[in-house]
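>>> prediction below, plus the sequence it came from.
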Amino acid sequence: MTLETRFADRMDQLLQGAVPARMGVAVSGGSDSTALMCLAAGWAAKQGVELRVATVDHGLRTEAAEEARRVRQQAELLGLSHETLCWDDWDGQGNLQDVARRARRRLLWSWSRGFEHVLIGHTMDDQAETVLRNLARGSGVAGLSGMSDRARLPPPTGPMPGRNEDQIHDPQLLRPLLAFRREDLRDWLRAGGIGWIEDPSNEDSRYDRVRTRKALAEGKALGLTVEGLAETARRQGRARQALELRAQDAARRMTSIEHGDVVLDREALAALDAETRLHVVAHALRWVSSSDYRPRMISLETALSESLGGRAVTLHGCVLRAGRGGLRVYRELKAVSGLAAVADGPILWDRRWKVEGVDVPGCEIRAAGEAGLLQAKALPEWCPERGAPKPPHASLLAAPALFLQGQLIALPPFAGAPCRLKLCPPMGGFIESMLSR
C-alpha cells in the first residue's frame, strides 16, 4: 500500500465520512509537517477540500522568518494559501517550551475560524517519545495512552467582540500521521525531490523532547522501540476509554455544579476504587481550570489525600477543600488575579465565563478578591439568584466581578448585576466531557 493510500485511509477514519469544505494544516517546515502538507494537498484535491496552511513564527530565532517564507513557497507550489502567524508578546516569563506551545495553539485557534479541523504532523516517533517521557514522570493510564489522534483546540482567554454564544466553536486537531514512522515520511519526501528544514533545536539536549529522543535511540539494545511504545499507547488508550466510562458513570451519581465549582459527594468518592476516584478528581481540576492537561499523578495523589484529610490544597490552579457539602473543587484566586479586561463587548473570562450585555461603559471584569467581597456587602439585592445556592466565600474570591474605577458595581452570581453571566467551559458539560472523544 502506498503512503498516499495509507494517508487517505487515515483521513477517512478520522473524519468518519464527513468530509468538510475546508481544513487547515499547521506546517513548521520540518520533515513531518512538510510531508503532512504534501500528502494532505493530494488528498484534498481529490476530495474537493480547500486546504489552508499556517506557519507559526515564534520569533525566537533569526532564521524563523526565512523558514516561514520557504513554507509559503512550498504551499504555493501545491496551490495552497499560506499565512504566517507571528508570536510577539512573550514577556520572558515561564517555561519557554510550554509558553510557546500555548502561544502556538492560541494563534492557530484565532487563525482557524471558519473551519472545523486543523491537521498537525505528529508521527509515531512523537507518540513513542511522549509515552517514554510520561513513563519517566510516573504517569498513569492517561499519560501512557499518549496523544489522541483527535483533540480539541481550546480558545484563548480574552474579549470576543462581535461574537455570540452560538459562534463559539473550537476546531479539532487531527493527527493523521500517528501511524507513520518519521523515516518513512522522509524517504517519501526524498523520492519526490521535496526538501525540508532542519530545526537546530532538535539537537539541543537542554530540551526534554531531545533527551527523550536520544534515550529512545540508546534503548534499542534493551528492546525499547518506537513501535513497541506506540503499541503501549494504543493498549493504554483502550484502558483509558474503559476508565473514562466507569468514572463518568460514577460522577453522574455524586456530582453537582455550583457556580462553576465541582462538588463531589465525599462518601461516594471515598467508596470508589482508587483509580476511578483519581480520574474523577483529575477531570474536575481540568474542568474548573479549563486546562489542556491533567495534573501529574504524584501531585494528584498527594493533593487528594491531604484534602480528604481536612486540608485545603491548591493544585492545577484550583483549590480542593473537603467540608460538610462534600469535596469542593473551585478556582484559585492566584490563578486568575492577573486576568482583567474592559467589558466593552462579549468577554470570555478565564476561558469559561461568558459575560455579555454589560450596560455600564468603561467597566472592567476581573476576579472579585477580598476587597471586592468587602464592597459586595454594600450592594443592593445581595441575595442569590432564584434556585442558585450562594457559593462559599473562598470560592467567590475568584468569581468574575465588574469594577468601575476600582469600585465594585456587580458580582454576577447575585441579583441586580448589569450584565449576563453564563458558564461556557471549553470542554463542554462536566459529565459529557469526561470522555476523551
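Noted; the coordinates are in hand.

>>> next, the buried residues of stretch 121-135.
For stretch 121-135, burial by neighbour count (16 or more other Cβ atoms under 10 Å) applies to 121-134. (Glycine included, C-beta is placed from N, CA and C.)

>>> same thing with stretch 184-198?
Buried positions in stretch 184-198, judged by neighbour count with 16+ other Cβ under 10 Å: 185-186, 188-189, 194, 196-197.

>>> what's in contact with that stretch?
Here stretch 184-198 makes contact (Cβ atoms under 8 Å, 6 or more residues apart in numbering) with 3, 28-32, 34-35, 38, 67, 70-71, 74, 123, 177.

>>> mind checking the pLDDT average for the host helix or strand of residue 209?
With elements taken from DSSP states H and E, the one containing residue 209 is helix 208-218. Helix 208-218 shows a mean pLDDT of 82.

>>> stretch 58-68 too?
Here the average pLDDT along stretch 58-68 is 82.

>>> dump the C-alpha coordinates for it into PDB.
Provided in PDB are the C-alpha atoms of stretch 58-68 (Å, rounded to 0.1, in the frame of the first residue of the first chain):
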ATOM      1  CA  HIS A  58       7.800  32.200  17.300                       C
ATOM      2  CA  GLY A  59      10.400  35.000  16.700                       C
ATOM      3  CA  LEU A  60      13.000  33.100  18.800                       C
ATOM      4  CA  ARG A  61      15.500  32.500  16.000                       C
ATOM      5  CA  THR A  62      16.600  34.800  13.300                       C
ATOM      6  CA  GLU A  63      16.100  32.100  10.700                       C
ATOM      7  CA  ALA A  64      12.400  31.700  11.600                       C
ATOM      8  CA  ALA A  65      11.100  34.300   9.200                       C
ATOM      9  CA  GLU A  66      13.000  32.800   6.300                       C
ATOM     10  CA  GLU A  67      11.800  29.300   7.200                       C
ATOM     11  CA  ALA A  68       8.200  30.600   7.100                       C
END
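
>>> show me what it is in contact with.
Taking Cβ under 8 Å, 6+ apart as the rule, stretch 58-68 contacts 28-29, 55, 57, 84, 86-88, 90, 96, 100, 103-104, 197, 200.

>>> report the buried members of those.
Buried members of those, scored by 16+ other Cβ under 10 Å, are 28-29, 55, 57, 84, 87, 100, 103-104, 197.

>>> any idea which helix is longest in the protein?
Ordering each helix of the chain by length in residues (DSSP state H) puts helix 226-254 first.

>>> would you mind listing the buried residues in it?
226, 229-230, 232-233, 236-237, 240, 243-244, 246-248, 250-251, 254.

>>> what's the burial count for the closest residue in space to residue 371 that isn't next to it in sequence?
Leaving aside its chain neighbours, residue 371 sits nearest to residue 408 (7.9 Å; criterion: Cβ to Cβ, 6 or more residues apart in numbering). Residue 408 is flanked by 20 other residues according to other Cβ atoms under 10 Å.

>>> ok, and for the host helix or strand of residue 408, which residues are buried?
Residue 408 belongs to strand 407-410 when assigned by DSSP H and E. Using 16+ other Cβ under 10 Å as the test for burial, strand 407-410 gives 408-410.

>>> for the residues you listed, which one is nearest residue 430?
residue 410 (25.9 Å; Cβ to Cβ).

>>> relative to residue 371, how far out is the closest one?
Distance of residue 410 to residue 371, given as Cβ to Cβ, to the nearest Å: 15 Å.

>>> sorry, back to before: quick check: the farthest pair among the contacts of stretch 184-198?
3 and 67 (24.3 Å).
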